[in-house]
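need a structure here:
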Amino acid sequence: MDPVTASMIEIHDRLSSLTDGEVADYIPQLASADPGTFGLALVSMSGNRYLAGDTDEPFSIQSVSKPFVYALALSELGPAEVARRVGAEPSGEAFNAISLEPGTGRPANPMVNAGAIVTTSLVPAADPEDRFERIRACLSAFAGRPLDVDEDVYRSEVDTGDRNRALAYLMRGAGSLSGDVDETVRTYFRQCSIRVRVADLAVMAATLADGGVNPVTGDRVVAESVAVRALAVMATCGMYDTAGEWLLRVGLPAKSGVSGGLIACSPARFGIAVHSPPLDRAGNPVRGVVALTELSERFGLHLMHQPGRHAATVTDVTTALDHPSHRARTPAQRATLDREGHRIVVIRAQGILEFTETEHLLHALREYTPPAPGWIVLDLDRVTRMAVGSAAMLDATLADLASAGHEIAIAAREPLLDPIGDDGDPVPWTPFRSGAEAVAWSEDRLLASAAPAGSSG
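Prediction:
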């Protein structure tokens, strides 16, 4: 099992027993959700998916739809026109508060209900049905698959949505909302009732994190400037009246919903999503908040921690068949290496290994692992630093490869991994000062394994 999935499963299993929070019941259909449901999903910039827990459970997207519809409005109208109707300041209040600018009636931001209702109304369309279909198509593009509506949740929202109607009438009276109030609110209710799974939300979050490009489909959904603006508003407003504490502790743009959904975006790294119906007082899923706080701390994901992209991590993948060592060999040994050299895989990496870089390296290790028994040379000669969380991920992967029957050689100028494991035993790899030495050692080991019993080198 890869270490990303292993970490997520460990956190899932440990937090499943957490019983704090209450399932939302002001929308009656949401009250029937199983409070024990708990799923996590992560999608990297390479489009790789990592899942743990209840990832196939469908639920309504609710307020997690807000940043994506905001991105659609920005794409269609531009930031100046959207800003004229919806602000971008944290309200410091609950998601359904009356947060309207004095004099203009402009809602504080697009992440609270009032601002989201206006944002929905801004999507250009011929009629309400067309407007909703444009919204559904946009969210589907973010998710990378067609999404539908939970009609039972929609009817429940229509029957109980008087506070949202009141907000809409206030904004209509103040001039910040144009158009028919009932039609606008119904479109908003239908938007919130779009049905997703936690893996869908992770892809959607990853698309924002990837500058508007869906890393699974490869399609550009919105411009990078739009994704940046949506992420910025998520960072300051996405977690309502706990947004400041969230940014301080977790440091990732995020958005929650009252059905228990929660997304977070690590720009140029990944998108992550959680589904867990019990909510805290602010309307955020309790298990989701704890899980993402732990993941951020474990892997050093806070935005203020060395942000930005780096050069390609994996610089070369080859075998001893293509690039053998220069050690002298007998004709028989050379014949064996010419025949079996593909069983020695050499992977070279460079730069600083943090989460994204390590995820790329681990993906290469999984993709190019030779049939067992094989030899893996990990040449880290040009790696300058490895984060603590990254070292743990690499440790776990190498231990799995060793247990599967592979021998591992690591070449590095300075020790990057602890030579003693967590259990006090030596780690299952052999260190070298250079890649050439590591390849030569792997050849020696291969030749020894291929030699007939009782023969000598």
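
Where does the prediction get shaky in the chain?
92-97, 99, 306-310, 418-425, 452-457 (pLDDT under 70).

can you tell me how far the residue nearest to the spatial centre of it sits from Pro124?
Closest to where the C-alpha atoms of the chain average out (Cα atoms, centre = their mean) is Gly271, at 2.2 Å. Plainly put, Gly271 is 27 Å away from Pro124 if you go by Cβ to Cβ, to the nearest Å. No exception for glycine: its C-beta is placed from N, CA and C like everyone else's.

rewinding a little: what are the neighbouring residues in contact with the residue nearest to the centre of the chain?
Neighbouring residues of Gly271 by Cβ atoms under 8 Å, 6 or more residues apart in numbering: 42-43, 201-210, 263-265.

For beta bridges, what are the partners of it?
Beta-bridge partners of Gly271, counted by DSSP bridges, are Val43, Cys265.

Please report the distance of it from Gly144.
12 Å.

Equivalent analysis for Leu401, please.
Using Cβ to Cβ, Leu401 is found at 31 Å from Gly144.

now Glu294
27 Å.

Give me the more crowded residue out of those two.
The neighbour count for Glu294 versus Gly144, taken as other Cβ atoms under 10 Å, is higher for Gly144 (22 against 16).

Surely that one touches Val203?
Yes. Under the criterion of Cβ atoms under 8 Å, Gly144 makes contact with Val203 at 5.1 Å.

Name the residues contacting each of those two.
Common neighbours of Gly144 and Val203, counting by Cβ under 8 Å, 6+ apart, are 214, 216.

Buried residues of stretch 343-353, list them for me.
Buried residues in stretch 343-353, defined by neighbour count with 16 or more other Cβ atoms under 10 Å: 343-350, 352-353.

My error: substitute stretch 360-378 in the last question.
Neighbour-count burial for stretch 360-378, counted by 16+ other Cβ under 10 Å, picks out 360-365, 369-370, 374-378.

any idea which of the residues you listed is the one closest to Asp2?
Distance to Asp2, by Cβ to Cβ, is smallest for Leu362 among the buried residues of stretch 360-378, at 6.1 Å.

and Ile352, that's in a strand?
Yes. Looking at Ile352 with DSSP: H, G, I helix; E, B strand; the rest coil, it is inside a strand.

what separates the residue lying closest to it once chain neighbours are set aside from Gly251, distance-wise?
Once flanking residues are discounted, Ile352 sits nearest to Arg385: 4.8 Å by Cβ to Cβ, 6 or more residues apart in numbering. Arg385 is 20 Å from Gly251, where distance means Cβ to Cβ.

Looking at those two, which has the bigger crowd around it?
Gly251 (21 against 11).

Next, the contact list for the closest residue to the more buried one other than its chain neighbours, please.
Spatial nearest neighbour of Gly251, chain neighbours left out: His302 (3.1 Å); criterion: Cβ to Cβ, 6+ apart. By Cβ under 8 Å, 6+ apart, the contact set of His302 is 250-252, 296.

So which of those residues sit within helices?
Among the contacts of His302, DSSP state H puts Ser296 in helices.

Just among the contacts of His302, which is most surrounded?
Counting neighbours by other Cβ under 10 Å, Leu252 comes out on top of the contacts of His302 with 29 neighbours.

What is the burial count for the spatially closest residue to that residue that is not a sequence neighbour?
Nearest residue to Leu252, sequence neighbours excluded (Cβ to Cβ, 6+ apart): Ala264, at 4.3 Å. Close neighbours of Ala264, defined as other Cβ under 10 Å, add up to 31.

you'd agree Ala264 is up against Arg249?
No. Using Cβ under 8 Å, Ala264 makes no contact with Arg249, being 11.9 Å away.

quick revisit: can you add distance to Asp395 and give the contacts of His302 back as TSV?
Shown next, in TSV, are the contacts of His302 (distance: Cβ to Cβ, whole Å):
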residue	distance to Asp395
Val250	25
Gly251	25
Leu252	25
Ser296	20
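
Excluding chain neighbours, give the residue nearest to Asp316 in space.
Counting by Cβ to Cβ, 6+ apart, Arg348 is the residue found nearest to Asp316 once chain neighbours are left out, at 4.4 Å.

any idea which element the one you found lies in?
Per DSSP states H and E: Arg348 is located in strand 344-353.

Could you look up the next helix or strand downstream of that strand?
helix 355-367.

how about Phe189, what does it touch?
Contact analysis of Phe189 by Cβ under 8 Å, 6+ apart lists 154, 157-158, 161, 164.

rerun that using 6 Å as the cut-off
The contact partners of Phe189, taken as Cβ atoms under 6 Å, 6 or more residues apart in numbering, are 154, 157-158, 161.

what's the answer for Pro67, then?
Counted by Cβ under 6 Å, 6+ apart, Pro67 has contacts 230, 234, 255.

from these, which ones fall inside helices?
Of those, the ones assigned to helices by DSSP H are 230, 234.

mind giving me JSON lines with the contacts of Pro67 and columns for distance to Val23 and neighbour count?
Listed next are those as JSON lines, based on distance: Cβ to Cβ, whole Å; neighbours: other Cβ atoms under 10 Å:
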{"residue": "Ala230", "distance to Val23": "28", "neighbour count": "27"}
{"residue": "Met234", "distance to Val23": "24", "neighbour count": "27"}
{"residue": "Lys255", "distance to Val23": "19", "neighbour count": "31"}
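
and the contacts of Pro67 as TSV, adding distance to Gln333?
Below are the contacts of Pro67 laid out as TSV (distance: Cβ to Cβ, whole Å):
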residue	distance to Gln333
Ala230	60
Met234	60
Lys255	61
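
ok, and what's touching whichever helix or strand Ala232 is part of?
Taking DSSP H and E as the definition, one finds Ala232 inside helix 224-237. Residues outside helix 224-237 that contact it (Cβ under 6 Å, 6+ apart): 67, 70-71, 74-75, 88, 90, 109, 111, 208, 211-212, 243, 247, 253, 255, 265.

mind saving the C-alpha coords of that helix as CSV?
The C-alpha coordinates for helix 224-237 follow below in CSV (Å, rounded to 0.1, in the frame of the first residue of the first chain):
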residue,chain,number,x,y,z
GLU,A,224,-5.8,30.2,-14.0
SER,A,225,-6.7,33.7,-13.0
VAL,A,226,-10.2,32.6,-12.1
ALA,A,227,-8.9,29.6,-10.1
VAL,A,228,-6.6,31.9,-8.2
ARG,A,229,-9.4,34.3,-7.3
ALA,A,230,-11.7,31.4,-6.2
LEU,A,231,-8.9,29.9,-4.0
ALA,A,232,-8.2,33.3,-2.5
VAL,A,233,-11.8,33.8,-1.4
MET,A,234,-12.0,30.2,-0.1
ALA,A,235,-8.9,30.9,2.0
THR,A,236,-10.4,33.9,3.7
CYS,A,237,-14.1,33.1,3.7
